[in-house]
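Participant: Sequence and computational prediction follow.
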Amino acid sequence: MASQSLKLGNIKPENAIFFMCDIQEKFRPVIKYFKEILEIAEKLVEASTILSIPLIVTEQYPKGLGETVPELKEKLKEGQARFSKTKFTMLIPEVISQLESNQAIQHAVLFGIETHVCIQQTVIDLLGRGYQVHIVADACSSRTQMDRTFAFERFRQSGAFVTTSDAILLQLIGDKEHQHFKAIQRLIMKTAPDSGL
């Protein structure tokens, strides 16, 4: 279980898990800034592999909404599980079991869609379980900018950390001397695309 001490968001690779939420084909034409969100999600998936951070991938009702987009599927590690769900939270029983099996995890990093639905419910559920939650704002979106904006505001009010992809990756390595600094630097050398924030 996550530590109940003062929560400052001091995330490290060894105490983190990434959650990639429902970046699926049917959402492509309707989500604001989908192309930009996808580009940043690719960077985060690569970083999770480089830093050996566990990655949870969910798909909301894939029978109707399609699977994870191919650009991301090809970046996933071989054998990476993709959890199918109908609930609006990512914390389905299989995911809870995976979380509970790793007592070192204190921080959850969320990205994907939709910000005000599945990301929001997952933030609430993770906070309720005592985890420190980081939402990567430039890698989350909704069908409307208003829903997205008010979801970010709610996250802050609830005690979660709203951050950016570059900020979270640099915080995770913490030092130019980190063994994976060069690999992470390569990911962030290209400025993140404008995603309407």
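Facilitator: Received it, and whenever you're ready, just let me know what you need.

Participant: in the protein, which spans are helices?
Facilitator: Counting by DSSP state H, the chain has these helices, from start to end: 34-50, 62-65, 70-73, 93-100, 120-128, 145-158, 165-173, 181-188.

Participant: what helices or strands is the longest strand anywhere in the chain leaning on?
Facilitator: In terms of residue count, the longest strand belonging to the chain (DSSP state E) is strand 132-141. Helices and strands touching strand 132-141, as assessed by 3 or more Cβ pairs under 8 Å, 6 or more residues apart in numbering; DSSP states H and E, comprise helix 34-50, strand 107-113, helix 120-128, helix 145-158, strand 161-163, helix 165-173. Placement of C-beta: from N, CA and C, glycine included.

Participant: That strand pairs with which strands, and in what direction?
Facilitator: strand 107-113 (parallel), strand 161-163 (parallel) (DSSP bridges).

Participant: pLDDT (mean, whole number) over the first one?
Facilitator: Per-residue pLDDT values over strand 107-113 give a mean of 98.

Participant: and what of stretch 175-184?
Facilitator: For stretch 175-184, mean pLDDT rounds to 95.

Participant: measure it end to end?
Facilitator: Chord length of stretch 175-184, first to last residue, is 11 Å (Cα to Cα, to the nearest Å).

Participant: roughly how far out does stretch 33-50 sit from the chain middle?
Facilitator: Computed by Cα atoms, centre = their mean, to the nearest Å, the chain-centroid distance of stretch 33-50 equals 9 Å.

Participant: do stretch 64-78 as well
Facilitator: Between the centre of stretch 64-78 and the centre of its chain there are 15 Å (Cα atoms, centre = their mean).

Participant: Put the alpha carbons of it into PDB.
Facilitator: The C-alpha coordinates for stretch 64-78 follow below in PDB (Å, rounded to 0.1, in the frame of the first residue of the first chain):
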ATOM      1  CA  GLY A  64     -17.200  -1.400 -30.100                       C
ATOM      2  CA  LEU A  65     -14.400   1.200 -29.800                       C
ATOM      3  CA  GLY A  66     -11.500  -0.800 -31.400                       C
ATOM      4  CA  GLU A  67      -8.200  -1.800 -29.900                       C
ATOM      5  CA  THR A  68      -5.300   0.300 -28.800                       C
ATOM      6  CA  VAL A  69      -4.100   2.300 -31.900                       C
ATOM      7  CA  PRO A  70      -1.400   0.500 -33.900                       C
ATOM      8  CA  GLU A  71       1.200   3.300 -33.300                       C
ATOM      9  CA  LEU A  72       1.100   2.500 -29.600                       C
ATOM     10  CA  LYS A  73       0.700  -1.300 -30.000                       C
ATOM     11  CA  GLU A  74       4.000  -1.500 -31.800                       C
ATOM     12  CA  LYS A  75       5.700   0.400 -29.000                       C
ATOM     13  CA  LEU A  76       4.500  -1.900 -26.300                       C
ATOM     14  CA  LYS A  77       6.800  -4.600 -24.900                       C
ATOM     15  CA  GLU A  78       6.200  -8.100 -26.200                       C
END
